[in-house]
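K.L.:
A structural model of the following input is requested.
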Amino acid sequence: MKITLEHTDTAEVEIIIRGDISSKEVSSLLESLKSKTSPGKLILHREDEQFPTEPKDILYIEAANNKVCAITPSGSFDTKLKLYELKEILDNQGFAQINKSTLVNIDKVKSVQAEFSGNYTLKLKDRKDTLTISRKYFKEFKSKI
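P.N.:
Numbering: from 1, shown residues only. Presented below is the predicted three-dimensional model:
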């Protein structure tokens, strides 16, 4: 592997990979880069207050009525980010999309049960919440557990 560093006056760091991008070496490099760029804390909102929150403390994130809410053990908080942005940020943080409007923290899942419709019901640890995993997202969910 050849590494070239180039100084520029721009503030943003740019990484360009040239070569066989389907190789194991490139995949490993990308995974390493993703793990180094974890988001840290997310800023959640309730009324006029802001709450820096570790992703591991979030049970699930739900989009409804043009709002995105993060559900934690201490309640529901709003976020200014869109669900697709959160999915991208939290992808390597143990979150999986389980239906069109919900991301779940895999570490907070207690059990999964198949339904007659082909969907699945998910129960959370230490909570009475039950969430639906749609057939479309089950494969992604299963790959992350």
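K.L.:
ok, K100 to I133 distance?
P.N.:
Distance of K100 to I133, computed by Cβ to Cβ, to the nearest Å: 11 Å. C-beta coordinates here come from the backbone N, C-alpha and C atoms, glycine included.
K.L.:
hmm, who's touching the helix or strand bottoming out on mean pLDDT in the chain?
P.N.:
Here the helix or strand of the chain ranked lowest by mean pLDDT, DSSP states H and E is helix 24-36, holding a mean of 74. Outside helix 24-36, the residues that touch it by Cβ atoms under 8 Å, 6 or more residues apart in numbering are M1, I15, I17, G19, D20, D91, N92.
K.L.:
report the buried residues of the helix or strand where K136 lies.
P.N.:
Using DSSP states H and E, the element containing K136 is helix 135-144. Neighbour-count burial for helix 135-144, counted by 16 or more other Cβ atoms under 10 Å, picks out Y137, F138, F141.
K.L.:
okay, D9: pLDDT?
P.N.:
For D9, the pLDDT comes out at 81.
K.L.:
and for it, the neighbour number?
P.N.:
For D9, the tally of surrounding residues (other Cβ atoms under 10 Å) stands at 4.
K.L.:
and it, how close does it get to I3?
P.N.:
21 Å.
K.L.:
what of N66?
P.N.:
45 Å.
K.L.:
over to D57?
P.N.:
37 Å.
K.L.:
could you measure from the residue nearest to the spatial centre of the chain over to N105?
P.N.:
Among the residues of the chain, the one closest to the centroid is L90, at 2.8 Å (Cα atoms, centre = their mean). Relative to N105, L90 is positioned 8 Å away (Cβ to Cβ).
K.L.:
same check, this time on I15
P.N.:
I15 sits 28 Å away from N105, going by Cβ to Cβ.
K.L.:
those two - which one has more neighbours?
P.N.:
Set I15 next to N105 and count neighbours by other Cβ under 10 Å: N105 wins out with 23 against 7.
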